[in-house]
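Chemist: build me a model from this:
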Amino acid sequence: MNTANDRLRLGVVMVPTDPWPETVAAARRVEALGYDHLWVYDHLTWRRFQEKPWHAIYPWLTGVAAATERIRIGTMVSSPNIRHPLILAKDAMTIDHISGGRLTIGIGAGGVGFDAHAFGQPALTPGQRIERLAEFVDAFDLLLREDEHHYKGEWYTINEARMLPGCVQRPRVPLAVAASRPRGLTLAAHHGQAWITYGDATSEDLSAAGTERIVAAQLAGLEEACAALERDPADIDRIFLIGISEARPLTSLEAFVDFVGRYRELGFTDLVFHYPRPEDEVWNDPPEMVEAIAEHFLGARPVDRSRLMSTGSGDIRSQPS
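Modeler: Model prediction:
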């Protein structure tokens, strides 16, 4: 956890679409610049990438774990739409060993896009998705804490699962629970070592100020859930994924510095931004910002910032699910 004197941690989320040598180069670049964590979207495919390459996530994470040495890696986020708690637990345990204890599993209820019907499963209501997630997280948590495990619920049955040799990290791989509403926030307070939010994509106000109001209310909800469970909310890292509001903090270094200050003041411990992709219709911020941010916040070597200091504006509507 961050203390009052620690800096806010910074991370990058990538999409698993690029040729492998390019992926390794990007991951090593992010690590060498001093970023704290590197994430990947866990989907079968995703929105505007449906007609483009999209690699399997856990082999992708395994390769990135082997190609790096220090940076934490994780999913943004895995969901019951395409994962089973036993298989996910086995994969997580194994990558935890390969990475030397650098894995975090981000997990959420799942949306209503391609992943939600790829296996022919029936459409679920939001209430059903959060009930399924609660059972999923409960089973996943117990699987990674015990060498042998049985589980019987409404959604999942697990018989005599063997989980040897267990995780490198103890008592298990950390969980980062993505949640925006009371039941999900309670789940994060109960099981999470971290909580992930990007605001609320259903809000009519996606302005920068509107998103800040929304996440401030979510933070208050997380603290209330922790109080009900008699858990110290300071034990939970608070991760904000930059994505759905009209704010474009990566258009200039000045904008990003201001954004970091405001979200740290709100109470966040970590910020994650999308790795710039110049050819993309949304995540097309200046690629040089990766170095500029690292120089300013992480002590990386200086870069030419002359073209990065202008103020920009725009609209971004990307949304993880």
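Chemist: contacts only, for Phe49.
Modeler: Shown in contact with Phe49 (CB atoms under 8 Å, 6 or more residues apart in numbering): 15, 17. No exception for glycine: its C-beta is placed from N, CA and C like everyone else's.
Chemist: ditto for the one 3 residues further on
Modeler: With contacts defined as CB under 8 Å, 6+ apart, Lys52 is in contact with Thr17.
Chemist: just give me the neighbour total for the nearest residue to Leu143 once chain neighbours are set aside.
Modeler: Once flanking residues are discounted, Leu143 sits nearest to Ala89: 4.0 Å by CB to CB, 6 or more residues apart in numbering. Ala89 has 26 neighbours, counted by other CB atoms under 10 Å.
Chemist: need the distance between the two termini of stretch 224-237.
Modeler: Start-to-end span of stretch 224-237 (CA to CA, to the nearest Å) is 15 Å.
Chemist: same check, this time on stretch 10-23
Modeler: One end of stretch 10-23 to the other measures 19 Å (CA to CA).
Chemist: what does it rub up against?
Modeler: Contact with stretch 10-23 is made by 26-27, 30, 35-41, 46, 49, 52-57, 60, 63-64, 72, 76, 239, 241, 270-275, 277, 290, 293, 297-298, as judged by CB under 8 Å, 6+ apart.
Chemist: that one - what's its average pLDDT?
Modeler: If you average the pLDDT over stretch 10-23, you get 97.
Chemist: ok, and the closest non-adjacent residue to the most centrally placed residue in the chain?
Modeler: The centre of the chain sits closest to Met76, judged by CA atoms, centre = their mean, with a distance of 3.3 Å. Nearest residue to Met76, sequence neighbours excluded (CB to CB, 6+ apart): Trp39, at 3.9 Å.
Chemist: pLDDT score for the one you found?
Modeler: Note on Trp39: pLDDT of 98.
Chemist: cool, and Ser310?
Modeler: The model's pLDDT for Ser310 equals 40.
Chemist: how about Ile239, phi and psi?
Modeler: phi -110, psi 120 (degrees, to the nearest 10).
Chemist: against Thr23, how distant is the residue nearest to the centre of the chain?
Modeler: Separation of Met76 from Thr23 (CB to CB, to the nearest Å) stands at 16 Å.
Chemist: ditto for His274
Modeler: For His274, the distance to Thr23 (CB to CB) stands at 15 Å.
Chemist: one more: Ala228?
Modeler: Going from Ala228 to Thr23 by CB to CB gives 42 Å.
Chemist: who has more neighbours, those two?
Modeler: Counted by other CB under 10 Å, Ala228 and Thr23 do not tie: Thr23 has more neighbours, with 20 against 11.
Chemist: quick one: the helix or strand hosting the more buried one to chain centroid distance?
Modeler: Taking DSSP states H and E as the criterion, Thr23 maps to helix 20-32. In terms of CA atoms, centre = their mean, to the nearest Å, the centre of helix 20-32 is found 18 Å from the chain centre.
Chemist: which elements pack onto the helix or strand just after it?
Modeler: Remark: after helix 20-32, the chain's next helix or strand is strand 37-40, criterion DSSP H and E. Strand 37-40 is packed against strand 9-14, helix 20-32, helix 57-67, strand 72-75, strand 270-274, with contacts defined by 3 or more CB pairs under 8 Å, 6 or more residues apart in numbering; DSSP states H and E.
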